[in-house]
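> Sequence first, predicted model second:
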Amino acid sequence: MTKHIAQTEKKQALLTVVGAGPGDVELITLKAIKALENANVVLYDALVSIELLEYAPKAEHIFVGKRKGCYSYQQEQINELIVSRAKSDGHVVRLKGGDPFVFGRGAEEMEYASKHGVAVSMVPGISSSLSVPAAQNIPVTKRGATESFWVITGTTKEHKLSSDVALAAKSNATVVILMGMSKLLQIVALFKQEGKSETPIAIIQDGTKESEKIGIGTIDSIEQEVGKLALSNPAIIIIGEVVNHRAKIKEIQNQHRTQEFIY
């Protein structure tokens, strides 16, 4: 008599680190959507639009981000959660705002998971450092204006201003600073030291979202603009002559607009 032994197929422990884009739910990639559709668990951050979780109807959704300075999980706990849920549930999607490899700790989490026997993959996202300025018609490079750009974290793991900001202030490059609002006074002071008080600067809060706000000024005037508009985190700081491109493009758009396009 033949015995039929039913065996439960074991799910592969897999981590996919996925970039959710800058905030607008339409700026996520098709590959990211496919990863979410195949997820068993989604661990998502505070900067991720909640609507994106609708692409993962079969998955358990766990918030692991930071809100108002309070961590729901420390990074070490997130690493452990990724491994434990991948081994118990199968496919874990780690959903992060922007691109996971631009100040997103995506590489760190992949390394940790791999060391603990979890297969890893990565889906790039549209980085806020480029797309948020672009959505406001600010290019980070423009022929005749700037040949390069810096993307710098405003706050290091020691909670200090990155020393790279001082180096960037000496250059003619566009400077994009993420997580820098708490260090704005220091940033402004460094550019003033280099004789750049009249350099254009833009600060964009909640970029690409309906709640988006933008302040435009110079190094000398931006603090007053921030106070007037009550700008705060999450925000991106863009410094350089390319900021002036925004007004030129808006003027061109107004001159040639024959009908309203809605994207």
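Nice, I can see it. Numbers count the residues shown, from 1 in each chain.
> going forward, measure contacts between C-alpha atoms and count neighbours the same way
Noted.
> Count the residues that sit near the nearest residue in space to Tyr73 that is not next to it in sequence.
Using C-alpha to C-alpha, 6 or more residues apart in numbering and skipping the chain neighbours, the partner closest in space to Tyr73 is Val64 (5.5 Å). Using other C-alpha atoms under 10 Å, Val64 has 21 neighbouring residues.
> What of Glu108?
12.
> for the one 10 residues further on, same thing?
When neighbours are counted by other C-alpha under 10 Å, Val118 registers 22.
> where does it fall, phi/psi-wise?
When read as degrees, to the nearest 10, the backbone of Val118 gives phi -110, psi 130.
> Next one: it relative to Ala86, how far apart?
Computed as C-alpha to C-alpha, to the nearest Å, the Val118 to Ala86 distance reads 7 Å.
> Need the residues touching each of these two.
Contact with both Val118 and Ala86 is made by residues Ala13, Leu14, Leu15, according to C-alpha atoms under 8 Å, 6 or more residues apart in numbering.
> and those, which of them are in strands?
Counting by DSSP state E, the part of those found in strands is Leu14, Leu15.
> Might one say that the residue nearest to Tyr73 is in contact with Ser72?
Yes - under the criterion of C-alpha atoms under 8 Å, Val64 makes contact with Ser72 at 5.5 Å.
> what residue ranges in the stretch 51-200 of the chain score low on pLDDT?
67-70 (pLDDT under 70).
> Could I get the full set of strands for this protein?
With DSSP E as the criterion, the chain has strands at 14-19, 41-44, 60-63, 66-67, 70-71, 91-96, 119-123, 149-153, 174-178, 200-205, 213-218, 235-239.
> Same list (the ones you listed) but as TSV, adding mean neighbour count.
Converted to TSV, these look like this (neighbours: other C-alpha atoms under 10 Å):
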stretch	mean neighbour count
strand 14-19	27
strand 41-44	24
strand 60-63	14
strand 66-67	12
strand 70-71	10
strand 91-96	29
strand 119-123	17
strand 149-153	20
strand 174-178	24
strand 200-205	23
strand 213-218	19
strand 235-239	25
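> right, and these - which one's nearest His159?
Distance to His159, taken as C-alpha to C-alpha, is lowest for strand 149-153 among the strands of the chain, at 10.5 Å.
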